[in-house]
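[1] Build the 3D model from these lines:
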Amino acid sequence: MQANITFQCNNLKLPIHYNHMLQGFIYKNIFDDDFREFLHEKGFEIDGRNFKLFSFSQLKGEYFYNRKEKTITFKDRVKLTVSSPVDDFNNEFLKSCLFSTNLQLNHQPIVVQEIDIDENKEKLNKVLIQTLSPITVYSTVQLNGRKRTIYYTPEDSLFSKYIKENIIKKAKIIYGEDFKKSDFKIEAVSRNKISENLIYFKKFIVKGWSGLFKIEGNEKLINTALDCGLGAKNSQGFGCIKLLR
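    Numbers count the residues shown, from 1 in each chain. Okay, here's the model as predicted:
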């Protein structure tokens, strides 16, 4: 399920790299304390890995960019998409958004104006999607005794391979089924329809890709992608997507 939330604001000023603030806002506004702690500290475990099973978009709205201060200021309204297949997450987060009288982002008040819900229960095996936040795919290797992160581009065959492996694990948590033999492939519509993004998450640079992608494969894996996000670091604001057709 995707919740498209429009907030009223008054010159909401944020640093350019605000992903960690949105993540903190989401965790803070999960209404149930026990579920918040579970999701923040652990999440859903499978094959020795933990998944939070939510993603969120970059903010949309009319804004002013201050190059000198490296800040972005949204004038009077801003839109955030938060996506998850987990009912507890959706219910507890939206409950807080609807009933809290003190919502704040970067210590500035915001007020929910509208919430639009998309259930993401499509029966499709071929779709066109647009990123709402960049997709990041990487692996970590040892080089000369030090850890090094290698990021993959959509032109690299490992980009689709690692995304498929990742989405199969998420789908197994959600559906309780083994999807190892299921088809799933993602590729960019064209090279000029995607762009590379460099985003700081706290003190670390994350490379990702934004734009239009084609996905083919198992319908449950496609719905998992729409609900959970594609690639890595979804709960840090990467890989959130929307269905175009």
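[2] domains of the chain?
    For the chain, automatic domain parsing gives the domain ranges 2-118, 126-243.
[3] Tell me how far the longest one lies from the chain's centre.
    By that I understand domain 126-243. Relative to the centre of its chain, domain 126-243 is centred 10 Å away, using C-alpha atoms, centre = their mean, to the nearest Å.
[4] Equivalent analysis for stretch 17-31, please.
    Put simply, stretch 17-31 sits 12 Å off its chain's centre (C-alpha atoms, centre = their mean).
[5] what residues does it touch?
    14-15, 36, 39-40, 54, 56, 59, 72, 80, 82, 89, 92-93, 95-97, 100, 103-106, 199-202, 235-238 (C-beta atoms under 8 Å, 6 or more residues apart in numbering). C-beta here means a position set from N, CA and C on the backbone, and glycine is covered the same way.
[6] Write a PyMOL command that selects only the buried members of those.
    Selecting the buried subset of these in PyMOL, with 16 or more other C-beta atoms under 10 Å as the burial test, is done by:
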select buried, resi 14+36+39+40+54+56+59+72+80+82+89+92+93+96+97+103+105+199+201+235+236+237+238
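[7] What about the contacts of stretch 17-31, which are in helices?
    Counted as lying in helices by DSSP state H, out of the contacts of stretch 17-31, are Arg36, Leu39, His40, Phe89, Glu92, Phe93, Lys95, Ser96, Cys97.
[8] ok, so of those residues, who is nearest Tyr65?
    Tyr65 has its nearest neighbour among these in Cys97, at 26.7 Å by C-beta to C-beta.
[9] pretty sure Asn4 is touching Asp116, no?
    Yes: assessed by C-beta atoms under 8 Å, Asn4 is found in contact with Asp116 at 4.3 Å.
[10] Sweet, I'm off.
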